[in-house]
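Undergrad: coordinates only, sequence not included:
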């Protein structure tokens, strides 16, 4: 069966510091991969999605970037964090027509 | 614009009572619709999905949802709520089968009193 791993679970970083969140999927090949952000009291906002290695689509302009160095690895990064980057980040995967399957999320607090 | 609306931010029900969480959608054609549940500090788990066919969809944990085209609704129901159902519930929709175009509602937080 397929599993998705996301880490770290929580992270506290100062403003201006870099960020790297990692997500890996097991049990499937060539999945579609996604990064979402969830702010308090708001729904989920799609940040990035990828249909293959090196293929990244950005949904909103922001201080973040994403990379897919391997088929089942998806990384969310920032060179310099802003206070507004605080939130709950969720990685997800899907097949071509299957629903999203989410990881357990990363709580990021920028101080 | 395509959208999904959850009009209730917070709902409180007693354990054993019935539950209905509202979801309205705005799509030109018949959308693909989903309900997800999120426990505190966790990711989202799929409860059920509607693609086509029977308008009453059964999901996990005893939940069901009914697609009503005339009302543009996809409300989630459970006949008898358990304390463990306390969580946040998200409705989501897409006009394609691909998750990249999925739009989420803002969620409804369910509190269950004993």
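TA: Received, thanks. All figures in this text were calculated on a predicted structure; none of them were measured in a lab.

Undergrad: I'd like to know how many residues surround the one residue in chain A that gets nearest to chain B.
TA: Distances between chain A and chain B by C-beta to the nearest C-beta are smallest at residue A:102, namely 3.5 Å. Where C-beta positions appear, they are placed from N, C-alpha and C, glycine not excepted. Around residue A:102 there are 22 other residues, counting by other C-beta atoms under 10 Å in any protein chain shown.

Undergrad: ramachandran coordinates for the residue nearest to it when sequence neighbours are not counted?
TA: Leaving aside its sequence neighbours, residue A:102 sits nearest to residue B:43 (C-beta to C-beta, 6 or more residues apart in numbering or on different chains; 3.5 Å). The phi and psi values for residue B:43, taken as degrees, to the nearest 10, are phi -80, psi -180.

Undergrad: so, low pLDDT: which residues of the chain?
TA: Since you didn't name a chain, this refers to chain A. Low-confidence segments of chain A, defined by pLDDT under 70: A:41, A:96-97.

Undergrad: please refer instead to chain B.
TA: Judged by pLDDT under 70, the stretches of chain B that qualify are B:1, B:97-100.

Undergrad: before we move on, the earlier item: so the residue nearest to residue A:102 makes contact with residue A:100?
TA: No: using C-beta atoms under 8 Å, residue B:43 is not in contact with residue A:100, being 9.7 Å away.

Undergrad: and chain B, which of its residues are near chain A?
TA: Residues of chain B lying close to chain A by C-beta under 8 Å from any C-beta of the partner chain are B:9, B:34, B:36, B:41-46, B:49, B:90, B:97-100, B:102, B:104-107.

Undergrad: which residue does chain B have closest to chain A?
TA: For chain B, C-beta to the nearest C-beta, closest residue to chain A: residue B:43, 3.5 Å.

Undergrad: with adjacent residues omitted, what lies nearest to residue B:40?
TA: Per C-beta to C-beta, 6+ apart, closest to residue B:40 is residue B:87, 7.6 Å.

Undergrad: contacting residues for the one you found?
TA: B:37-40, B:109-110 (C-beta atoms under 8 Å, 6 or more residues apart in numbering or on different chains).

Undergrad: cutoff 6 Å now
TA: B:37-39 (C-beta atoms under 6 Å, 6 or more residues apart in numbering or on different chains).

Undergrad: what does it show for phi and psi?
TA: For residue B:87, the backbone dihedrals (degrees, to the nearest 10) come out as phi -180, psi -170.

Undergrad: sorry, back to before: going by distance to residue A:109, which of the contacts of residue B:87 wins?
TA: In terms of C-beta to C-beta, no member of those lies closer to residue A:109 than residue B:38, at 18.8 Å.

Undergrad: please name the nearest non-neighbouring residue to the residue nearest the centre of chain B.
TA: Nearest to the geometric centre of chain B sits residue B:35, at 3.6 Å (C-alpha atoms, centre = their mean). With C-beta to C-beta, 6+ apart as the measure, residue B:47 is the residue that lies nearest to residue B:35, at 4.4 Å, once sequence neighbours are left out.

Undergrad: give the bridge partners for the residue nearest to residue B:40, please.
TA: Counting by DSSP bridges, residue B:87 is bridged to residue B:110.

Undergrad: who are the contact partners of residue B:90?
TA: Counted by C-beta under 6 Å, 6+ apart, residue B:90 has contacts B:36, B:104-105, B:107.

Undergrad: tell me which strands and helices the strand or helix carrying residue A:5 is in contact with?
TA: Using DSSP states H and E, the element containing residue A:5 is strand A:3-7. Packed against strand A:3-7 by the contact rule (3 or more C-beta pairs under 6 Å, 6 or more residues apart in numbering or on different chains; DSSP states H and E) you find strand A:19-26.
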